[in-house]
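**Q** 3D, please:
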Amino acid sequence: MLRNKAFVKKTKKGGVVSVVKEHYLRDDIYCGAVPCTTCGHSTPVLAAAPASLDTVGPHYLVPDTNVFLHHIDFMEHPGTKDVVIAQTVLDEVRHRNLQIYNRLRTVIANPDRRFYVFSNEHHKATFIEKTDGESINDRNDRAIRVVAQWYSTHLAAHHIAVVLLTDDVGNRTHAKAAGLRAVSVRRYADLFSAVPELVDLVGASGDDDGTAQTKPETIEYDEYLPPTVLTSGIKAQRFFQGTLSVAAYNALEGSIIANVPGAPDNKIYIQGRKALNRAVVGDVVAVELLPRDQWIGAADQVIVENDDDTAVDGEGDVTMTDATAATPAEPNPNALPTGRVVGVIKRNWRPYCGTIDKTSVGMASGTSTQSVFFFPMDRRVPKIKIKTRQAPALVGQRIIVSIDAWDRGSRYPSGHFVKVLGPALDKETETEVILLEHGVPYEPFSQAVLNDLPPEGENWLCSPEELARRRDLRHLPVCSIDPPGCTDIDDALHVRNLSNGNYEVGVHIADVTHFVKPRTAMDTEAAKRGTTVYLVDKRIDMLPGLLGTNLCSLRSNVDRLAFSCLWEMTPAAEIVRVEYTKSIIHSKASFTYEEAQTRIDDDRNQDELTNGIRVLNSLAKQLRQMRLDRGALTLASPEVRFRLEGDAQDPVDVELKELKETNALVEEFMLLANVSVAEKIFATFPNTAMLRCHPTPPPESFLQLNQALEPFGITLDTTSSKTLSASLDAAVVPSNPYFNKLVRILTTRCMMQAVYFCSGTLPRDQFRHYGLATPIYTHFTSPIRRYADVIVHRLLAAAIAHDAFAYGEELTNKDELAKLCDNLNARNRLAQHAARASVELFTHVYFKGKTLVEDAYVTRVLKNGVSALIPKYGVEAAITTDQDVWKFDPNLNALEAMDGSTKLRVFSPVKVSIEVVEISAGSGAQKVVMALVDPKPSKVVAAMDVDKVEAPAPASASGSGGSRTSQGRQKRQRRA
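**A** Okay, here's the model as predicted:
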């Protein structure tokens, strides 16, 4: 049956056109139920004996659209089966929330779940027209009721009921008037006694009658402005739109990036609960700038935890106190643009990992529902109120919770339980939490991805046809130099003498793109993951192990495919020429840094490989000096490594990272390859080359550091990277050998983040990599662990006309490459944060049950405390000071003892005690806490309540960069 559907749409030029489409209706669309004998389906989905309810009996579910949008966790639970999804519902979910649509599609694809998509919009008996005056939503609700009615009639003879699942009171009323069974999600979960945990998965919008009232409270947030007002206000620049960031050390200090006059760092600061107005980190918000006389400085105090508001009931008696810097009565010359949230453009809530607050759990027995608090692991996120029947069982467990709503009258958001991860403080559980919190895909590779691997597996050999297309370099003295235990070997090197007295130097990089082809499942998965993630005790690979640690890894004594950069170089390290070629190599040896260094130092070793390494080392030193002469920076981070022992991989010692000449040797040639390849691909693809830039830091970033250096007569000249490099070299205090490294650590924190970009999206003068002092740069040397390098390999292959036919629009579409760069930048940041969180976890394990006293240095001075770094462990944390003993001197940015005996400034050496404690009672989360041991003013000081010192995160257990894994972290650091 053919029908016509007519509608109007707006063109790109603003015109309106009428569109008529043919709409076919059929009578051969099947119900998908096993017991049905009327339909002629060959592969039915819905069970013959579905789940039974006491009041309904065996039944199928027909949910409306909002059930999936608001209760996707409930629908994903394995106990929810035999579900009919109307095409109307599936289309609405796709249009309204693509993420939930993809999750729903995953459930539909699982045959064990028995979710059946019914094409009601093309079935003669279930298609309906929109009536005059009927809204689209009402029409769709009616269409879903028609589906439920058709199934009820169709399956009546088989004694299988049909239940319409909807939280819409009106929809249920219409359904019941038509003789249908209709219930809310929460009511259905209550009836489904066979799976009691389903009740906990019901979102806050799943109340039975929709009449639940928010308990009145003394705290009330401002109402959000209407969307139309926000849109017009943003256009008129009365409001500013941005993504909310929240300070790691103060959950009540937020900011957005905005172009505001008087904002040195292009930020608007938002301080306090009232100003944040229910916005959560990651939300896209509209912010109104406050009058200038209401601007305040960034928070300048250590924030003390407040556990007085943990009771769920009686919240109306709680007084809100913002833990932010006090606003001075007189004008603040350092005031920064300050605003308040007036609307949320887009919520970016996600599932949060954390722990039930055990102090909020009552003593009720049985399965009664309790309202309890949930502490998110991400301390930038407020506590969440949830209702659960499992409260006593969930105490001490890491669980996942989702936010459902945040009403104006509620101090905290409301949410629902999703699932249990495992016992709190268990290393495996905490590692999974780290991966989930940082969005690291860690699931096993799908079968579709594995199907893209060579069918020969480990027995794969290069075919004669492929060998004929490559340069055979297997005769060259190639070797690799990597950290101990490294199995994903991306790179190898060689050098040989030429007849004219010059050298041929080769950098050989694993040819990952031979195995990872564009537009395949493996390529899509690699692009999604973006990078290999290195944790202290494991890594999450970007590529399947068969490639990463075997077929692509440039292991010794086996033939491997490579992409080679070959330079002719003078003994003075001047480049005569460079060429690029796909090759096949046969590495003669796989050295660790220490093994290679030993060979260099032992004059008795005069074999070809050792002498080659010596030549490479000599050239690398000259290349490094050339970089430094151009203004390349030598920065630092407080890096240490854990020594792990036993099957449990427990940390038994912390070791300072020791860099050898061979580390720098490899680094220099990797940098040279990256620069050379960047020049080549940009020359060929001026609009779509994937490059990497390091923006010049604004001078304002160094104001506080230069102020801290003034007492030492030192100033960092930030005119250029060259002047800054010279200043860093001169920043020496002879009596303190650690001083220069600490200056470099703090300078690193003043830097901007290096990012990937598409060459057609930035002007040429913004390509520069500030830290490396090179006008152009990219990543080419680590395709096993970085997807950016995979793209660069494809660009280079096309640039030298090797396999150019295999590449298409993915190398020429500027907009798509720009989106890919954004994803890779986000993935890199998340990987770094996950690595730091892993270091923090192992720091907690290492210090558990210990209280140590160590040397430290002050890295930041606040009004009521300092931050201090312990070089031995690379650990940094905040220390509160007794304000009856210490006073803050804003002119010196120092804490001065009341008795005048001493001052604490940035760079001051101190002794501190260090231990691991629970963050707050009932939270189940830990942190490193330091207390000042020396200096101690002569006056008797009351004991500090160190249990309530909130340490900065993520640096609370790792400083700026944290420690690194025993394997792989050195390799990642050496390659900019």
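
**Q** biggest helix in this structure by residues?
**A** helix 814-847 (DSSP state H).

**Q** can you pull out the helices in the stretch 301-450 of the chain?
**A** Assigned by DSSP state H, counting those that start in this stretch, the stretch 301-450 of the chain shows helices spanning 391-394, 427-437, 447-450.

**Q** between the ones you listed, which gets nearest to residue 838?
**A** Evaluated with Cβ to Cβ, the helices of the stretch 301-450 of the chain place helix 427-437 nearest to residue 838, the distance being 5.7 Å. The C-beta positions use only the backbone N, C-alpha and C, and glycine is treated the same way.

**Q** next, the angle from that closest one to helix 814-847.
**A** 150 degrees (axes from the mean of the first three to the mean of the last three Cα atoms, to 10 degrees).

**Q** what helices or strands is helix 427-437 leaning on?
**A** Contact partners of helix 427-437 among helices and strands, from 3 or more Cβ pairs under 8 Å, 6 or more residues apart in numbering; DSSP states H and E: strand 352-356, strand 397-405, strand 414-423, helix 814-847.

**Q** that helix vs strand 352-356, what angle?
**A** Helix 427-437 runs at 140 degrees relative to strand 352-356, counting by the same axes, to 10 degrees.

**Q** how far out from the middle of the chain is the longest helix of the chain?
**A** Put simply, helix 814-847 sits 5 Å off its chain's centre (Cα atoms, centre = their mean, to the nearest Å).

**Q** any stretches of the protein with poor pLDDT?
**A** The chain contains residues with pLDDT under 70 at 1-21, 205-219, 249, 262-264, 297-334, 364-367, 647-648, 803-807, 920-924, 938-976.

**Q** closest to residue 770 out of the helices of the stretch 301-450 of the chain?
**A** For residue 770, the closest of the helices of the stretch 301-450 of the chain is helix 427-437, at 30.7 Å, according to Cβ to Cβ.

**Q** just the CA coordinates for that closest one, please, in CSV.
**A** Presented in CSV, the C-alpha positions along helix 427-437 are these (Å, rounded to 0.1, in the frame of the first residue of the first chain):
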residue,chain,number,x,y,z
LYS,A,427,43.8,-2.6,43.5
GLU,A,428,42.0,-4.3,40.6
THR,A,429,38.7,-2.5,41.5
GLU,A,430,40.5,0.9,41.8
THR,A,431,42.3,0.4,38.5
GLU,A,432,38.9,-0.3,36.8
VAL,A,433,37.6,2.9,38.4
ILE,A,434,40.5,4.8,37.0
LEU,A,435,39.8,3.6,33.5
LEU,A,436,36.0,4.3,33.8
GLU,A,437,36.5,7.7,35.3
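
**Q** what angle do that helix and strand 397-405 make?
**A** Going by the same axes, to 10 degrees, helix 427-437 is angled at 20 degrees with respect to strand 397-405.

**Q** what residues does helix 427-437 touch?
**A** Applying Cβ atoms under 8 Å, 6 or more residues apart in numbering, the contact partners of helix 427-437 are 351-353, 377-378, 398, 400, 421-424, 440, 442, 533, 535, 537-538, 540, 648-649, 834, 837-838, 841, 845.

**Q** please list only the buried members of the residues you listed.
**A** By neighbour count, with 16 or more other Cβ atoms under 10 Å, the contacts of helix 427-437 hold 352-353, 377-378, 398, 400, 421, 424, 440, 533, 535, 537, 540, 649, 834, 837-838, 841, 845 as buried.

**Q** show me what the strand or helix carrying residue 93 is packed up against.
**A** Using DSSP states H and E, residue 93 falls within helix 87-96. The contact analysis (3+ Cβ pairs under 8 Å, 6+ apart) places helix 87-96 against helix 65-70, helix 98-108, strand 115-118, helix 136-154.

**Q** show me what counts as buried in it.
**A** 87-90, 92-93.

**Q** columns distance to residue 873 on top of those residues, output as TSV?
**A** Listed next are the buried residues of helix 87-96 as TSV, based on distance: Cβ to Cβ, whole Å:
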residue	distance to residue 873
87	59
88	59
89	55
90	54
92	54
93	49
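
**Q** could you measure from the residue located most distally from the centre of the chain over to residue 37?
**A** Computed with Cα atoms, centre = their mean, the residue of the chain farthest from its C-alpha average is residue 157, at 53.1 Å. Distance of residue 157 to residue 37, computed by Cβ to Cβ, to the nearest Å: 9 Å.

**Q** if we can go back for a sec, from the buried residues of helix 87-96, pick the one nearest residue 270.
**A** Closest to residue 270 out of the buried residues of helix 87-96 is residue 93 (33.2 Å), distances taken as Cβ to Cβ.

**Q** buried residues in stretch 421-441?
**A** Of all the residues in stretch 421-441, those buried under the rule 16+ other Cβ under 10 Å are 421, 424-425, 427, 429-438, 440.

**Q** ugh, wrong one, I meant stretch 230-245
**A** Per 16+ other Cβ under 10 Å, stretch 230-245 contains these buried residues: 230-231, 233-234, 239-242, 244-245.

**Q** contacting residues for the residue nearest to residue 570 when sequence neighbours are not counted?
**A** Spatially, and ignoring its direct neighbours in sequence, residue 570 is nearest to residue 502 (5.4 Å; Cβ to Cβ, 6 or more residues apart in numbering). Taking Cβ under 8 Å, 6+ apart, we find residue 502 in contact with 568-571, 576.

**Q** quick revisit: a markdown table please, covering the helices and strands packed on helix 87-96 and showing distance to residue 509 and mean neighbour count.
**A** Shown next, in a markdown table, are the helices and strands packed on helix 87-96 (distance: least, Cβ to Cβ, whole Å; neighbours: other Cβ atoms under 10 Å):
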| stretch | distance to residue 509 | mean neighbour count |
| --- | --- | --- |
| helix 65-70 | 46 | 23 |
| helix 98-108 | 34 | 15 |
| strand 115-118 | 45 | 21 |
| helix 136-154 | 54 | 19 |
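
**Q** adding distance to residue 880, write those out as CSV.
**A** Formatted as CSV, the helices and strands packed on helix 87-96 follow (distance: least, Cβ to Cβ, whole Å):
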stretch, distance to residue 880
helix 65-70, 43
helix 98-108, 42
strand 115-118, 54
helix 136-154, 54
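
**Q** among these, which is nearest residue 787?
**A** Evaluated over the helices and strands packed on helix 87-96, closeness to residue 787 peaks at helix 98-108, with 20.4 Å, by Cβ to Cβ.

**Q** and the residue nearest to residue 222 when sequence neighbours are not counted, how many neighbours does it have?
**A** Closest residue to residue 222 apart from its sequence neighbours, by Cβ to Cβ, 6+ apart: residue 277 at 5.6 Å. Residue 277 has 21 neighbours, counted by other Cβ atoms under 10 Å.

**Q** now swap in the one 3 residues further on and tell me
**A** Here the number of neighbours of residue 280 (other Cβ under 10 Å) works out to 25.

**Q** touching, it and residue 412? I think so.
**A** No. Using Cβ atoms under 8 Å, residue 280 is not in contact with residue 412, being 10.8 Å away.

**Q** overlap in contacts, these two.
**A** Taking Cβ under 8 Å, 6+ apart as the contact rule, residue 280 and residue 412 both touch 382, 406.

**Q** okay, and the beta partners of residue 582?
**A** residue 563 (DSSP bridges).

**Q** give me the most central residue, this structure.
**A** Centrality entry for the chain: nearest residue to the mean C-alpha point is residue 830, 3.0 Å, by Cα atoms, centre = their mean.

**Q** quick one, what contacts that residue?
**A** Here residue 830 is in contact with 438-440 (Cβ under 8 Å, 6+ apart).

**Q** ok, it to residue 402 distance?
**A** 20 Å.

**Q** kindly report the same for residue 779.
**A** Taken as Cβ to Cβ, the span from residue 779 to residue 402 is 36 Å.

**Q** between those two, tell me which one has more neighbours.
**A** Higher neighbour count among residue 779 and residue 402: residue 779, with 26 against 21, using other Cβ under 10 Å.

**Q** list the contacts of the more buried one.
**A** By Cβ under 8 Å, 6+ apart, the residues touching residue 779 are 674, 692, 756, 786, 788-789, 792, 975.

**Q** in strands only, show me the contacts of residue 502.
**A** Among those, the members falling in strands (DSSP state E) are 568-569, 576.
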